[in-house]
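Engineer: Starting from these lines, generate the structure:
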Amino acid sequence: MTDGELDPVIHAQARLRVVATLSAMPNHASITFPRLQKLLDMTAGNLSTHLRKLEDAGYVTQTKTIEGRSPATYVALTPAGLAAFERYTAQIRSLIDPTGDPA
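Structural biologist: Below is the predicted model:
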């Protein structure tokens with residue numbers, strides 16, 4: 001990726017929605033897979049596919065646990081994912097207003 005090029009991992013609409021949602025979590029907390037799926041109104045398969053791409057890039061982690069007798073998956077944004085999202089949003093802002101003037 002060159003300077004000024006938007007991060008292709010984040011730029012896909014579904015992955016952008018995932019990263020934006022995770023970045024808004026208080027104290028960068030994790031969220032359960034079903035809760036994230038419901039918030040984003042995505043199918044489990046679609047969300048899994050996008051999470052895998054984000055995980056491969058080091059932007060999210062998925063932690064699988066057992067709660068009682070049921071499996072649970074928690075998803076969280078990594079520090080690298082947060083930094084990538086902050087770079088991405090800064091690039092978008094500069095595209096919208098290259099002068100940096102507040103309106």
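Engineer: Could you use CA atoms for every contact and neighbour count after this?
Structural biologist: Fine.
Engineer: show me where the chain has strands.
Structural biologist: 31-32, 60-67, 70-77 (DSSP state E).
Engineer: Let me have those in JSON lines, adding mean neighbour count, mean pLDDT and distance to A24 as columns.
Structural biologist: Shown next, in JSON lines, are the strands of the chain (neighbours: other CA atoms under 10 Å; pLDDT from 0 to 100; distance: least, CA to CA, whole Å):
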{"stretch": "strand 31-32", "mean neighbour count": "16", "mean pLDDT": "96", "distance to A24": "11"}
{"stretch": "strand 60-67", "mean neighbour count": "14", "mean pLDDT": "94", "distance to A24": "14"}
{"stretch": "strand 70-77", "mean neighbour count": "17", "mean pLDDT": "95", "distance to A24": "10"}
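Engineer: Any chance of CSV for those, columns distance to N46?
Structural biologist: CSV is the format used below for these (distance: least, CA to CA, whole Å):
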stretch, distance to N46
strand 31-32, 16
strand 60-67, 15
strand 70-77, 15
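Engineer: Return the residue of this protein that is most distant from the centre.
Structural biologist: Largest separation from the mean C-alpha position in the chain: R69, at 28.7 Å (CA atoms, centre = their mean).
Engineer: what comes up buried for stretch 77-89?
Structural biologist: Within stretch 77-89, the residues scored as buried using 16 or more other CA atoms under 10 Å are L77, T78, G81, L82, A84, F85, Y88.
Engineer: Out of these, which comes closest to T21?
Structural biologist: L77 (9.4 Å; CA to CA).
Engineer: I'd like to check which residues are in contact with the residue nearest to that closest one when sequence neighbours are not counted.
Structural biologist: Counting by CA to CA, 6 or more residues apart in numbering, V60 is the residue found nearest to L77 once chain neighbours are left out, at 4.4 Å. Taking CA atoms under 8 Å, 6 or more residues apart in numbering, we find V60 in contact with L51, L54, V75, A76, L77, T78, G81.
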